[in-house]
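**Q** Fold the stuff below for me.
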Amino acid sequence: MTVPVSSPAPIFILCCNRSGSSLLRYIIDTHPDIASPAELHLGDICRQLYYLVSCTLGEVSSLNETEKHNFVLKEVRKMVAGVMDNYVAAKHKQMWCEKSPNNLPFLKILKSVFPEAKYICLHRHAMDVVHSCLESSRLSLMPDQLNYVCQNSGSIVGAMVQNWVDKTKLIMEFEQEYPAQCFQIKYESYILNPVDTLQPMFEFLGVSWDSALLDSVFSVKHDLGREDPKVAYSNRIHNNSIGKGAQIDTLRIQPRLIEEMNELLTKLQYPIVESDWGIDSYTYLASESNESISQAQVSPLMNPKEILIESFSSRLNELLQGLEGRQVIYKIILTGNQSGSWLIDLTDPDCPIKTGDGDPAADKKADCTLTFFSEEIINIVNGTVNPMELWIQGKLQVTGDRTLAEIFCWFLVGRLDYRKTNPSIFSTFMV
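**A** Residues are numbered from 1 along each chain as shown. From the prediction side, this is the model:
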């Protein structure tokens, strides 16, 4: 043992990008004993601090190399643990949990600095990870993802498969080397059967379990930072993101990568990707499904006008507060089976919601226009999709002021009070 250890032990979530770690972070942070901030990249921070201490205090000491190494590790731990312990105390909790996908290259130093740490090893089916990466790439690619694109001759699909393969290998190798300190969990399991999956995870972490925690995940405020911004726009746990990988054309993946991917999928007891890959490949999940989670809360049949007027009219003061009194005009265009257009005219207190063709002058003055399928209104009201997810997927088209569009997305999901404590989706992706 080279550094002091603490009790309770620190917790790290090990995962590939787009594996559902942001939602898992929300769940863990909801526990009264665990503080879990957004991505801190503690692995890279430990690496940089090791270099800093080694090249300064380490150089002026009279220690031999082994003693110097141990001394530097203790100093690094003192700095990182000092900040994290103060954070936990400020949150009135007992322990901390950090999740950063880019911690994986730095597992060796994390293990040296925090030898007693516990690790939640999160996995998700490769094809769903790839699909999620492709969706997020509409806004930008992460630096390490760009490297994979270069390695795969510009093929984004191949790059995302390689990304999953490399990172999953690192996680599984670590699990094999330190089984007593690792708890394996799958995204599909904690979504479809949260109680049976999360209870043993919290027991592994040494804290109590109460299934009522799941009801508070989106009512508790979580600290801001770098992570998947879509989760902040959610208001319930749903399974809509499971199985989207069935849409991927496997012919765009090199046979070598499919072989590597399938080897790992087999070890993780996932269905492998074969020539008949498609939606039927996900039927194995039926046995895991918890009906209360997997079924959408279907609303009575309502047309878009009823939803816009009945659901939103009583909440327009909430929208005005979110706009800090700014009087703007939103134009909502719905396409599909029940198409139409409406204006939410906050400059007109007598008739704020009207059909889009009723006032040509106001129609032209719209500060922000949002266009999406009429069916998605039902999904948004049900909480089975969030509008920011539609935006990222290109299913919500925005013209005009993007900040106003973000405010309206917060309004749609009833979470405007969270807006000021969450970064813009664009700053999150572009930084």
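
**Q** Check whether Leu319 really touches Leu416, as I assumed.
**A** Yes: between Leu319 and Leu416 there is a contact at 7.3 Å, judged by C-beta atoms under 8 Å. Glycine gets a C-beta too; all of them are placed from N, C-alpha and C.

**Q** shared neighbours of those two, which are they?
**A** Common neighbours of Leu319 and Leu416, using C-beta atoms under 8 Å, 6 or more residues apart in numbering, are Ile407.

**Q** Now do the strands in the stretch 51-200 of the chain.
**A** Counting by DSSP state E, counting those that start in this stretch, the stretch 51-200 of the chain has strands at residues 95-99, 118-123, 182-186.

**Q** right, and those - which one's nearest Glu75?
**A** Minimum separation from Glu75 across those (C-beta to C-beta) falls at strand 95-99, 19.4 Å.

**Q** Okay, now the sheet partners of that closest one, with direction.
**A** According to DSSP bridges, strand 95-99 forms sheet pairs with strand 11-14 (parallel), strand 34-35 (parallel).

**Q** angle of that strand against strand 118-123?
**A** Comparing the axes of strand 95-99 and strand 118-123 via axes from the mean of the first three to the mean of the last three C-alpha atoms, to 10 degrees yields an angle of 30 degrees.

**Q** So which residues make contact with strand 95-99?
**A** Residues from elsewhere that reach strand 95-99 (C-beta under 8 Å, 6+ apart): 8-13, 15, 21-22, 24-25, 28-29, 33-37, 39-40, 42, 84-85, 87-88, 120, 205, 207, 227.

**Q** Would you write a PyMOL line that selects the buried entries of those residues?
**A** Command for PyMOL, covering only those of the contacts of strand 95-99 found buried under the criterion 16 or more other C-beta atoms under 10 Å:
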select buried, resi 8+9+10+11+12+13+15+21+22+24+25+28+29+33+34+35+36+37+39+40+42+84+88+120+205+207+227
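
**Q** show me where the stretch 101-250 of the chain has helices.
**A** Remark: helices assigned in the stretch 101-250 of the chain by DSSP state H, counting those that start in this stretch are 107-113, 126-136, 143-151, 156-177, 187-192, 194-204.

**Q** Can you list the low-confidence ranges for the chain?
**A** Low-confidence segments of the chain, defined by pLDDT under 70, span residues 1-7, 137-154, 286-302, 304-305, 356-364, 420-431.

**Q** Give me the packing partners of the top helix by length along it, helices and strands only.
**A** Counting residues, the longest helix found in the chain (DSSP state H) is helix 65-90. Here helix 65-90 touches helix 42-55, strand 95-99, helix 107-113, going by 3 or more C-beta pairs under 8 Å, 6 or more residues apart in numbering; DSSP states H and E.

**Q** Give me whichever of those is most buried.
**A** Neighbour counts (mean count of other C-beta atoms under 10 Å) averaged over each of the helices and strands packed on helix 65-90 peak at strand 95-99, with a mean of 24.

**Q** can I get the strands paired with strand 95-99 in CSV with distance to Leu73?
**A** Compiled in CSV, these are given as follows (distance: least, C-beta to C-beta, whole Å):
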stretch, distance to Leu73
strand 11-14, 17
strand 34-35, 24
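
**Q** closest one to Thr283 among these?
**A** With respect to Thr283, and counting by C-beta to C-beta, the nearest of those is strand 11-14 at 28.7 Å.

**Q** Could you report the neighbour count for the closest residue to Tyr418 other than its chain neighbours?
**A** Of all residues not flanking Tyr418 in the chain, Ala232 sits nearest, at 6.1 Å (C-beta to C-beta, 6 or more residues apart in numbering). Close neighbours of Ala232, defined as other C-beta atoms under 10 Å, add up to 26.

**Q** Pull the contacting residues for Ala232.
**A** By C-beta under 8 Å, 6+ apart, Ala232 lies in contact with His222, Met388, Arg415, Tyr418, Asn422.

**Q** Could you do Gly58 as well?
**A** Gly58 makes contacts with Lys68, Phe71, Val72, as judged by C-beta under 8 Å, 6+ apart.

**Q** can you put those in TSV and add distance to Ile329 and neighbour count?
**A** Formatted as TSV, those follow (distance: C-beta to C-beta, whole Å; neighbours: other C-beta atoms under 10 Å):
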residue	distance to Ile329	neighbour count
Lys68	66	17
Phe71	64	18
Val72	60	26
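
**Q** before we move on, the earlier item: in the longest helix of the chain, what's buried?
**A** Buried residues in helix 65-90, counted by 16+ other C-beta under 10 Å: 68-69, 71-73, 75-77, 79-81, 84, 88.

**Q** For burial, what's the neighbour tally of Cys351?
**A** Residues contacting Cys351 under the criterion other C-beta under 10 Å number 10.

**Q** Please verify my assumption that Glu203 contacts Trp209.
**A** Yes: counting by C-beta under 8 Å, Trp209 is a contact partner of Glu203 at 6.5 Å.

**Q** Counting neighbours, go ahead and name the busier of those two.
**A** More neighbours surround Trp209 than the other of Glu203 and Trp209, with 15 against 12 (other C-beta under 10 Å).

**Q** Quick check: Phe411 vs Leu390, distance?
**A** 14 Å (C-beta to C-beta, to the nearest Å).

**Q** cool, Ser314 as well?
**A** Per C-beta to C-beta, Ser314 is found 24 Å from Leu390.

**Q** got the contact list for the residue of the chain most remote from its centre?
**A** Ranked by distance from the centre of the chain (C-alpha atoms, centre = their mean), the top residue is Ser62, with 46.7 Å. Not one residue lies near Ser62 by C-beta under 8 Å, 6+ apart.

**Q** Cheers, nothing more for now.
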